[in-house]
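# here is my input, please return the structure:
(2 chains)
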Amino acid sequence: MRALLEGLFTVLKHLFMRPVTLEYPEKKRFQSDAFRGKPSVKIGENGCVGCGVCKKVCPSGAINYEKDENGKVISYTFDLNKCIFCGNCMYYCPHSAITLGQNFELGTADKSELKLTYKGGSEND
Amino acid sequence: MKTTAATLKLNLGPQHPSTHGVLRLILELEGEKILSCEPDIGYLHRGMEKMAEGMTYVQYLPTVDRIDYLAGCFYSELFCKTVEKALDISLSQRVRTIRVVLLELNRISSHLLWIGAFLMDLGALSPFFYAMREREMILRYFEKLTGQRMMYNYFVFGGVRKDIDYLEDIEEIIKVLPKKIEDYEKIITDNPIFLTRTRGKGILEPETAFNNSITGVNLRASGVEYDLRKTDKLYEGFEFTPVVLDGKDAWARYKARVLELRESLKIVEQGVNILKDSEPLRQKLINPLTLKLPEGEYYSEIEAPRGLASLYIKSTGMDKPYRLKWRTGSYYAVNLLRRLLVGEYLNDAIAIAGSLDIILPEVDK
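Residues are numbered from 1 along each chain as shown, chains lettered A, B, ... in the order given. So this is what the prediction gives:
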């Protein structure tokens, strides 16, 4: 009996504590700078040179890019249908051209929006 | 399974909210008594082993976190450990300590979720919220350090992704958590309702456990001292006592996990003290594009939260494994239900299944 009352008292104590839940989406939760969200790539100067490391380390085959006749990268695609946000491409990129950003709200009704194509440093979708 | 007029065949799961994940138990009942139990697994099968045969080691590394999403670090560590063994790489003191600290934090978060889920199985809702709240502290730390809450991809062959940081956050966890564990104990441990539902339920004799390859907390709660961490090189220099209880029932398994939380905290505390005094990280990482394992067979094991986990790799000298096999604790725990549930009442089935800490991604792989 004593244990039961002690338990109830502890639960009651919790009743008067500050709530820890958040009213999403009005209030956003804490998010660290290292968070791995929506991937993006920088093309052009100091950016992607098309070495192909990202493609080789990607576990799900989500990365594709095209080069022109001079060997320059002209477009770069992340397929979010396949991406598992593991960050391998970012970690192994020798030119630090890829970043996995803060955006995690990637839900969409249009499947084609999940193919992120980057051209010359800007996103085209 | 033959059903007669006097018996009833009942499907428990896979969508039953009380079961963990997608476990399906086909029960044969006579009244409320269970005559036989047939677990049906495979609903979460992702082909983790076959998949590895078509992937390079570096490609496969981030996916192993998903074998047990509540304790992803352990499988990363196991995979890295096996590859490091094959390549004959030794780890520096700092890398070892970082790994131990993260593994134990991960173990705590996994046990906390189990406590919450187990109590929810029994119909108590509040402890679930309390446990989730404390687990959140640990997950938040993991997010700060690794970038994600559950799929860390932080351990790499020969080291870790980057040096450990935010040690003050871990210190905060070490400070806050013991009080919270005390609170759980006040609410749960001696609660008469909880005692009636768990005491003497699902008795696991050591012989049955041995015959069914049960390891981890479930085995230690049956009075067998078997903790791989005691002999693991990774844990060399850390002081802790393996929790061994001889209650053999569901209550003992609960108590053992709560006590293990405290032991894990001790290890984390020792680890943090070492990390504070040691030099910054220096490690030599392997080039992912040239990584090939020499021909041969490699095996290593680790004490995961749900029992012994081991990995066997057969390599033919290529950049991909020829064959890879995971051994996970939950797989054997599910199989044990065939024996443990027979003769028990339906009401206790959930309590017993819950007490074994089964997680389905680990079972189905």
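# tell me the centre residue of chain A?
residue A:37 (1.5 Å; CA atoms, centre = their mean).
# that one: what's it in contact with?
Residues near residue A:37 by CB atoms under 8 Å, 6 or more residues apart in numbering or on different chains: A:85, A:100-104, A:106. Heads up, the C-betas are built off the backbone N, CA and C, glycines and all.
# filter these to the buried ones?
Among these, those buried by neighbour count (16 or more other CB atoms under 10 Å in any protein chain shown) are A:85, A:100.
# now the contacts of residue A:37 in JSON lines, with distance to chain B and pLDDT?
Output for these, formatted as JSON lines (distance: CB to the nearest CB, whole Å; pLDDT from 0 to 100):
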{"residue": "A:85", "distance to chain B": "7", "pLDDT": "90"}
{"residue": "A:100", "distance to chain B": "7", "pLDDT": "88"}
{"residue": "A:101", "distance to chain B": "11", "pLDDT": "86"}
{"residue": "A:102", "distance to chain B": "11", "pLDDT": "87"}
{"residue": "A:103", "distance to chain B": "14", "pLDDT": "86"}
{"residue": "A:104", "distance to chain B": "10", "pLDDT": "86"}
{"residue": "A:106", "distance to chain B": "15", "pLDDT": "86"}
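# what sits closest to the residue in the stretch 151-300 of chain B that chain A sits nearest to if chain neighbours are left out?
For the stretch 151-300 of chain B and chain A, the shortest gap (CB to the nearest CB) falls at residue B:190, measuring 3.6 Å. Nearest-residue entry for residue B:190: residue A:3, 3.6 Å, with adjacent residues in sequence omitted and distances by CB to CB, 6 or more residues apart in numbering or on different chains.
# tell me, how many neighbours does residue 24 end up with?
No chain specified, so I'll use chain A. For residue A:24, the neighbour count with other CB atoms under 10 Å in any protein chain shown is 8.
# I was after chain B.
Count around residue B:24 with other CB under 10 Å applied: 18.
# tell me the bridge partners for it.
residue B:40 (DSSP bridges).
# so it sits right up against residue B:43, yeah?
Yes - contact criterion CB atoms under 8 Å: residue B:24 and residue B:43 qualify, at 7.0 Å.
# got any residues that touch both of these two?
Common neighbours of residue B:24 and residue B:43, counting by CB under 8 Å, 6+ apart, are residue B:14.
# by contact count, what packs against the helix or strand containing residue B:334?
In this structure, residue B:334 is located in helix B:329-340 according to DSSP states H and E. Where contact means 3 or more CB pairs under 8 Å, 6 or more residues apart in numbering or on different chains; DSSP states H and E, helix B:329-340 is packed against strand B:33-40, helix B:206-211, strand B:307-315, helix B:346-355, helix B:360-364.
# switch the cut-off to 10 Å
strand B:24-30, strand B:33-40, helix B:206-211, helix B:217-220, strand B:296-304, strand B:307-315, helix B:346-355, helix B:360-364 (3 or more CB pairs under 10 Å, 6 or more residues apart in numbering or on different chains; DSSP states H and E).
# dihedrals phi and psi, residue B:291?
Dihedral angles of residue B:291 (phi, psi; degrees, to the nearest 10) stand at phi -70, psi 120.
# the helices in chain A, which residues?
A:2-15, A:53-57, A:88-92 (DSSP state H).
# low-confidence ranges, the chain, go.
Picking chain A for this. Where chain A drops to pLDDT under 70, the residues are A:121-125.
# can you look at chain B instead?
Checking chain B against pLDDT under 70 turns up B:1-5, B:15-21.
# what residue is smack in the middle of it?
Central residue of chain B (CA atoms, centre = their mean): residue B:305, at 3.0 Å.
# which residues sit in contact with it?
For residue B:305, the contact set (CB atoms under 10 Å, 6 or more residues apart in numbering or on different chains) comprises B:68, B:70-71, B:74, B:103, B:106-111, B:113-114, B:216-217, B:257, B:260, B:264, B:329-330, B:357, B:359, B:362.
# dihedrals phi and psi, it?
Note on residue B:305: its backbone torsions stand at phi -60, psi -30 [degrees, to the nearest 10].
# picking up where we left off before, which ones among the contacts of residue A:37 map onto strands?
Using DSSP state E, the members of the contacts of residue A:37 that fall within strands are residue A:100.
# buried residues in the biggest strand by length in chain A?
The longest strand of chain A (DSSP E) is strand A:73-79. For strand A:73-79, burial by neighbour count (16+ other CB under 10 Å) applies to A:73, A:76-79.
# swap in stretch B:194-202?
B:194, B:197-198, B:201-202.
# which residues touch that stretch?
With contacts defined as CB under 10 Å, 6+ apart, stretch B:194-202 is touched by A:3-4, A:7, B:118-119, B:121-124, B:127, B:187-189, B:191, B:218, B:247-255, B:336-337, B:340-341, B:344-345, B:347-356.
# in the stretch 1-150 of chain B, which residue sits closest to chain A?
Closest contact between the stretch 1-150 of chain B and chain A, by CB to the nearest CB, is at residue B:62 (3.3 Å).
# surely that residue meets residue A:90?
No - using CB atoms under 10 Å, residue B:62 makes no contact with residue A:90, being 11.4 Å away.
# find the residues that touch each one of these two.
Common neighbours of residue B:62 and residue A:90 (criterion: CB under 10 Å, 6+ apart): residue A:57.
# more neighbours, the two?
Per other CB under 10 Å, whichever of residue B:62 and residue A:90 has more neighbours is residue B:62, with 24 against 20.
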